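A.B. asks: this is a predicted model, with the sequence first.
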Amino acid sequence: MRNMWIICRKELRSYFVSPVAYLLLTMFAVIFGFFFWNSLGYFIFMGMEAQLRDEPTPMNVNEQIIRPLLANLSVVGLFFIPIITMRLFAEEKRTGTIELLVTSPIRDGEIILGKWLAAVLLYLSMMLFSGLSFVYLFRYGNPDWKPLLIGYLGLLLQAGALLAVGTFISTLTRNQIIAGAATFGVCLLLWVLEWVSGFETATWARVLAYFSVIAHFESFAKGLIDTKDVVFYLSMTLLALFFTARSMESMRWRS
């Protein structure tokens, strides 16, 4: 465990001693801030329009602002996750430090978990930036905080699984651009698999739709914790990290 935290701190330090972390946090805050401003403005506009027509319309902050924003956060993650993971092992390969890493007395599992955990913590810090916007809703409105926390839990589980996939892909190449592009392609594919169920009801279509990451986020967006969705994200994370360990093992033998 001690070695894992050493690797984790090293990776986090490498993010924050360069412009990478600050650029990601800034861009994430700007993009989410625009989504929040747009959603809040539309919500206020619809409320005022209903008053002018003298047609009382039920307005729900959780359903009309928080839930769509959580879905938007999930989409934004598709673009930021590849940038976070593309350097984890590819950079080590490019600089030649991977040989020192794999021949060190540190176990592969500690290296993998340390790097993956650093990526998760960076993504979590980005999510916390988005949480600052929701403070205004609680300051001037009365939303239910439980669905918001459950939605953030779903986002974190989903991100953890996709970050594990990106970690595995980063072990396959020394080129960060290739690692990032491949991670984005795989994450996007895992996102759109659910579309098959829209026009096909065969067993193979249902199986493909089940492996879509967005299909398992819907219950979290509604404020519900479904055990099968939690198990799916955790299983996907463990499977990706297992493949990462096998890839690391092959690098160790080659070294």
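C.D. replies: Done, it's in. All values reported here derive from a predicted model rather than from experimental measurement.
A.B. asks: hey, where'd the strands end up in the stretch 151-255 of the chain?
C.D. replies: For the stretch 151-255 of the chain, no strands turn up when DSSP state E, counting those that start in this stretch is the criterion.
A.B. asks: below-threshold pLDDT in the chain: ranges please.
C.D. replies: For the chain, applying pLDDT under 70 flags the ranges 47, 49-60, 62, 102, 141, 197-201, 251-255.
A.B. asks: at 90 what do you get?
C.D. replies: Applying pLDDT under 90 to the chain flags residues 1-79, 86-112, 125-152, 171-176, 179-180, 187-227, 229, 245-255.
A.B. asks: next up, the contacts around G223.
C.D. replies: Contacts of G223 were listed using Cβ atoms under 8 Å, 6 or more residues apart in numbering, and they are 62, 144, 146-148, 150-151. Where C-beta positions appear, they are placed from N, C-alpha and C, glycine not excepted.
A.B. asks: buried subset of those as a ChimeraX selection?
C.D. replies: Buried members of the contacts of G223, defined by 16 or more other Cβ atoms under 10 Å, are picked up in ChimeraX with:
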select :62,147,148,150,151
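A.B. asks: please flag which of the contacts of G223 sit within helices.
C.D. replies: Using DSSP state H, the members of these that fall in helices are 146-148, 150-151.
A.B. asks: which residue is the nearest non-sequential neighbour of N175?
C.D. replies: Of all residues not flanking N175 in the chain, A90 sits nearest, at 6.3 Å (Cβ to Cβ, 6 or more residues apart in numbering).
A.B. asks: the one you found contacts A181, correct?
C.D. replies: No: applying Cβ atoms under 8 Å, one finds A90 not in contact with A181, separated by 11.4 Å.
A.B. asks: neighbour count for these two, which is higher?
C.D. replies: Remark: of A90 and A181, A90 carries more neighbours, 23 against 15, as counted by other Cβ atoms under 10 Å.
A.B. asks: so how far is W116 from that one?
C.D. replies: Note on A90: its distance to W116, by Cβ to Cβ, to the nearest Å, is 14 Å.
A.B. asks: could you do I6 as well?
C.D. replies: Computed as Cβ to Cβ, the I6 to W116 distance reads 14 Å.
A.B. asks: before we move on, what about T173?
C.D. replies: Separation of T173 from W116 (Cβ to Cβ): 17 Å.
A.B. asks: and stretch 178-194, C-alpha only, in PDB?
C.D. replies: Below are the C-alpha coordinates for stretch 178-194, written out as PDB (Å, rounded to 0.1, in the frame of the first residue of the first chain):
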ATOM      1  CA  ILE A 178      -2.200   7.200 -30.200                       C
ATOM      2  CA  ALA A 179      -3.000   6.200 -26.600                       C
ATOM      3  CA  GLY A 180      -5.400   9.200 -26.300                       C
ATOM      4  CA  ALA A 181      -7.100   8.600 -29.700                       C
ATOM      5  CA  ALA A 182      -7.500   4.900 -29.000                       C
ATOM      6  CA  THR A 183      -8.900   5.600 -25.500                       C
ATOM      7  CA  PHE A 184     -11.400   8.100 -26.900                       C
ATOM      8  CA  GLY A 185     -12.500   5.700 -29.600                       C
ATOM      9  CA  VAL A 186     -13.000   2.800 -27.200                       C
ATOM     10  CA  CYS A 187     -14.900   5.100 -24.700                       C
ATOM     11  CA  LEU A 188     -17.100   6.400 -27.400                       C
ATOM     12  CA  LEU A 189     -17.900   2.900 -28.600                       C
ATOM     13  CA  LEU A 190     -18.800   1.800 -25.100                       C
ATOM     14  CA  TRP A 191     -21.000   4.900 -25.000                       C
ATOM     15  CA  VAL A 192     -23.000   4.300 -28.200                       C
ATOM     16  CA  LEU A 193     -23.400   0.500 -27.900                       C
ATOM     17  CA  GLU A 194     -26.900   1.200 -26.400                       C
END
